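# What shape does this take:
(2 chains)
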2 protein chains.
Amino acid sequence: MSLKPGRTILASSIAKLYLEEIKTRVAALRAAGRRAPLLVGFLANDDPASETYANWTGKTCESLGISYELRKFEDRDYLEEGIMAANGDDAVDGIMVYFPVFGNAQDQYLQQIVSREKDVEGLNLVYYQNLYHNVRWLDDARQLKSILPCTPLAVVKILEYLKIYNPLLPEGNQMYGKKCVVVNRSEIVGRPLAALLANDGAVTYSVDVNNIQKFTRGEKLKFQRHHVEDLGDNSPELLQEVCRDADVIITGVPSANYKFPTEYIPEGAACINFSSFKNFVDEEVKNKASLYVPMTGKVTIAMLLRNMLRLAENREKLAQ
Amino acid sequence: MSLKPGRTILASSIAKLYLEEIKTRVAALRAAGRRAPLLVGFLANDDPASETYANWTGKTCESLGISYELRKFEDRDYLEEGIMAANGDDAVDGIMVYFPVFGNAQDQYLQQIVSREKDVEGLNLVYYQNLYHNVRWLDDARQLKSILPCTPLAVVKILEYLKIYNPLLPEGNQMYGKKCVVVNRSEIVGRPLAALLANDGAVTYSVDVNNIQKFTRGEKLKFQRHHVEDLGDNSPELLQEVCRDADVIITGVPSANYKFPTEYIPEGAACINFSSFKNFVDEEVKNKASLYVPMTGKVTIAMLLRNMLRLAENREKLAQ
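Numbers count the residues shown, from 1 in each chain, chains lettered A, B, ... in the order given. So this is what the prediction gives:
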């Protein structure tokens, strides 16, 4: 039999659809006599990965008719002032900061300095709170749509593309019956992602270095939120057990050394890695997974630009 | 010579002044036919230190005519909903959460769930941003006073009590000429405290496990903020050097094993410890320090209650 068991899907193919949509919307803005939207990136580290990401973001913007400006800071102590100036500058539509800057809790402080109205990455705690509680609007009058943090959103869009979200089911329940494993429980991506999937009806096992938790929608209807249950310490046995009938395995371990054990992947599961390090063993995963998405960064950038257009629409509505 | 070189000042003596003031203000509210203010504490850990602190807060409230209610959560996953319910409950004037709950970054998320209007500890990031930028008001019309995080504020009030803040100097410059060392650079206390002291004119050396930084008001007038300079890695030599002519040494190391080296304390300096562990060697520091404040918790509670009254005033102004 030479039939290859699965397919590798590149993030660029998925991103393409969204980038086309963004390009069309930007062109419509320009046709209406408006200036090109401006995204400003703030770089205050000397991490070559940040510089690469910044350059790639710049090129993507250029191809879509969006202006991009990279503001570099030799002295990171001036970054906060730079962000505050951009917050108050009407010419700036979106702000993103390349982290780490200080590499400690001060980075979380800086993250929240970015004006909520220009926070294209969706890192403001209001957006996380809305995500956890399934709140889709920023205002009571439901005029201003909330946005989602761009990496969890990118994973959801990838699951939609892979047809794991089932469009025949009602919205908000399109993951009903699906079992997901998410290896990463950071506040930025892993925990909100597990909650998003649970809020859409999936049973999600959230794995971090210490333990494994089960996220379900549960019956917490009043606060519209997922339910979390501690299953126990992270051990090979427990991890294997929760993976046994998983439909999707999602990894995001920020380490070059970490590899998800191929033998725990059920035949025919979908595998998605959002870490910048490859968490699956490429050659092996292709023989077990039905669908494999080795990197997600390009979809994340597309979501970030999509968020920027939504935030600009909100600002416009507020100005009316 | 039997003259004892210095004096130990207990936090309770300093707190007393503020508690008297609070008692008078609460009595005035009651005399005007208003209900007693209600502070709600949220406890979702089994740390005996939290329980003790909660009990002590309850007793202090009782003695001042303030209502205090402790809400305990067996399942910490329900805490967020509990906080949100209190946020929306007009009967609740102040909310405080006993941390750690999850013991990781999720605690910072929870901290920001507390409504800014009821956050008596002043942990909302808006209050920190205002602190760093010397912003005293929450609104452009300058009707609503901002509050300060209660532990950094307690240290400032202690320095005022110790006459280290010089009331002859203009406000905002009352620490001019003073040199301070702060051993702790947490986002909650150490870094904001160093900034507060710098904003009031002091030169402050901020020490953490990695390095030593110098905070000064500098010339960052536009954004009304302190200036930070990296002096180098934390080493015994550098620490000794920055302590050489210090007027005040402030410690906040959360460890039973840490002791500030007595030999680095200049003769006649003031020493203040805000850690719940004694960071100075009691018997030794008394022979070097002019003034020694071994614990600050009671002043912190007083500041928290003071913040509560200010927030209640703000809410009243908003309701008018």
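# any chance you could map the strands in the stretch 51-200 of chain A?
Listed in chain order, the strands of the stretch 51-200 of chain A (DSSP state E, counting those that start in this stretch) span A:67-72, A:94-98, A:179-183.
# got the contact list for the longest one?
Put plainly, it is strand A:67-72. A:36-44, A:54, A:57-58, A:61-62, A:82, A:86 (CB atoms under 8 Å, 6 or more residues apart in numbering or on different chains). From N, CA and C alone the C-beta is placed, and that goes for glycine too.
# Spell out which two among those are the most distant pair, please.
Farthest pair in these (CB to CB) is A:Ala36 and A:Ala44. Separation: 25.3 Å.
# neighbour count winner among those two?
Per other CB atoms under 10 Å in any protein chain shown, whichever of A:Ala36 and A:Ala44 has more neighbours is A:Ala44, with 24 against 15.
# OK, contacts around that one?
Contacts of A:Ala44 (CB under 8 Å, 6+ apart): A:Lys72, A:Phe73, A:Arg76, A:Leu79, A:Val97, A:Tyr98, A:Val101.
# quick one: pLDDT of the closest residue to A:Leu318 other than its chain neighbours?
Closest residue to A:Leu318 apart from its sequence neighbours, by CB to CB, 6 or more residues apart in numbering or on different chains: A:Leu144 at 7.2 Å. A:Leu144 carries a pLDDT value of 93.
# and A:Leu144, what does it touch?
A:Leu144 makes contact with A:Trp137, A:Leu138, A:Asn314, A:Lys317, A:Leu318 under the criterion CB under 8 Å, 6+ apart.
# Quick check, the fourth one in contact with A:Ala141.
No. Contact between A:Lys317 and A:Ala141 fails when scored by CB atoms under 8 Å: they sit 9.9 Å apart.
# Which one's more surrounded, those two?
Taking neighbours as other CB under 10 Å, A:Lys317 and A:Ala141 compare with A:Lys317 leading, 13 against 8.
# On the three-state scheme, the more buried one is what?
Following DSSP: H, G, I helix; E, B strand; the rest coil, A:Lys317 is assigned to helix.
# Leaving out sequence neighbours, find the closest residue to it.
Counting by CB to CB, 6+ apart, A:Gln143 is the residue found nearest to A:Lys317 once chain neighbours are left out, at 5.5 Å.
# Extract the residue ranges of the stretch 151-300 of chain A that are flagged as low pLDDT.
Across the stretch 151-300 of chain A, the ranges flagged by pLDDT under 70 are A:219-223.
# hang on, A:Arg7 packs against A:Leu291?
Yes. Between A:Arg7 and A:Leu291 there is a contact at 5.8 Å, judged by CB under 8 Å.
# what about the two, which has more around it?
A:Leu291 (20 against 13).
# give the contact list for that one.
A:Gly6, A:Arg7, A:Ile9, A:Leu162, A:Ala270, A:Cys271.
# try 6 Å this time
Contacts for A:Leu291 (CB atoms under 6 Å, 6 or more residues apart in numbering or on different chains) come out as A:Arg7, A:Ile9, A:Leu162, A:Ala270.
# Relative to A:Val248, how far out is the first one?
The reference is to A:Arg7. According to CB to CB, to the nearest Å, A:Arg7 stands 15 Å off from A:Val248.
# ok, now the third one?
Here the criterion is CB to CB. By it, A:Leu162 lies 8 Å from A:Val248.
# which residues are in contact with both of those two?
With CB under 6 Å, 6+ apart as the test, A:Leu162 and A:Val248 both reach A:Ala270.
# neighbour-wise, which of the two wins?
In this view A:Leu162 and A:Val248 are compared by other CB under 10 Å, and A:Val248 has more residues nearby, 24 against 18.
# What is the neighbour count of A:Glu21?
15.
# which SS class is it?
Going by three-state DSSP: A:Glu21 is helix.
# for the one 4 residues further on, same thing?
With three-state DSSP as the basis, the three-state label of A:Arg25 is helix.
# The closest residue to it other than its chain neighbours: neighbour count?
Nearest non-adjacent residue to A:Arg25, counting by CB to CB, 6+ apart: A:Leu309, 5.7 Å away. Using other CB under 10 Å, the number of residues around A:Leu309 comes to 19.
# try A:Cys243
Residues lying near A:Cys243 (other CB under 10 Å) number 21.
# Which residue, neighbours along the chain excluded, lies closest to it?
Counting by CB to CB, 6+ apart, the residue nearest A:Cys243 is A:Tyr264, at 4.2 Å.
# Isn't that neighbour up against A:Glu241?
No. Applying CB atoms under 6 Å as the test, A:Tyr264 and A:Glu241 come out as separate, 9.3 Å apart.
# neighbour-wise, which of the two wins?
Neighbours were counted for A:Tyr264 and for A:Glu241 using other CB under 10 Å; A:Tyr264 has more, 18 against 15.
# Burial check on A:Met308, number of neighbours?
The number of residues near A:Met308, taken as other CB under 10 Å, comes to 26.
# tell me the contacts of it?
If you count contacts by CB under 6 Å, 6+ apart, A:Met308 has them with A:Asp93, A:Gly94, A:Val120.
# need the helices for the stretch 51-200 of chain A, in chain order.
Taking DSSP state H, counting those that start in this stretch to define them, one finds helices in the stretch 51-200 of chain A at A:79-87, A:106-113, A:125-132, A:150-161, A:190-199.
# Reformat those helices as JSON lines; add mean neighbour count and distance to chain B.
Output for those, formatted as JSON lines (neighbours: other CB atoms under 10 Å in any protein chain shown; distance: least, CB to the nearest CB, whole Å):
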{"stretch": "helix A:79-87", "mean neighbour count": "19", "distance to chain B": "5"}
{"stretch": "helix A:106-113", "mean neighbour count": "19", "distance to chain B": "5"}
{"stretch": "helix A:125-132", "mean neighbour count": "20", "distance to chain B": "5"}
{"stretch": "helix A:150-161", "mean neighbour count": "24", "distance to chain B": "14"}
{"stretch": "helix A:190-199", "mean neighbour count": "25", "distance to chain B": "7"}
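# Can you check which of those helices gets nearest to B:Pro254?
So among those, helix A:106-113 is nearest, using CB to CB, at 17.7 Å.
# From the contact counts, what lies against the closest one?
Of the remaining helices and strands, none touches helix A:106-113 by 3 or more CB pairs under 6 Å, 6 or more residues apart in numbering or on different chains; DSSP states H and E.
# at 7 Å what do you get?
helix A:79-87, helix B:125-132 (3 or more CB pairs under 7 Å, 6 or more residues apart in numbering or on different chains; DSSP states H and E).
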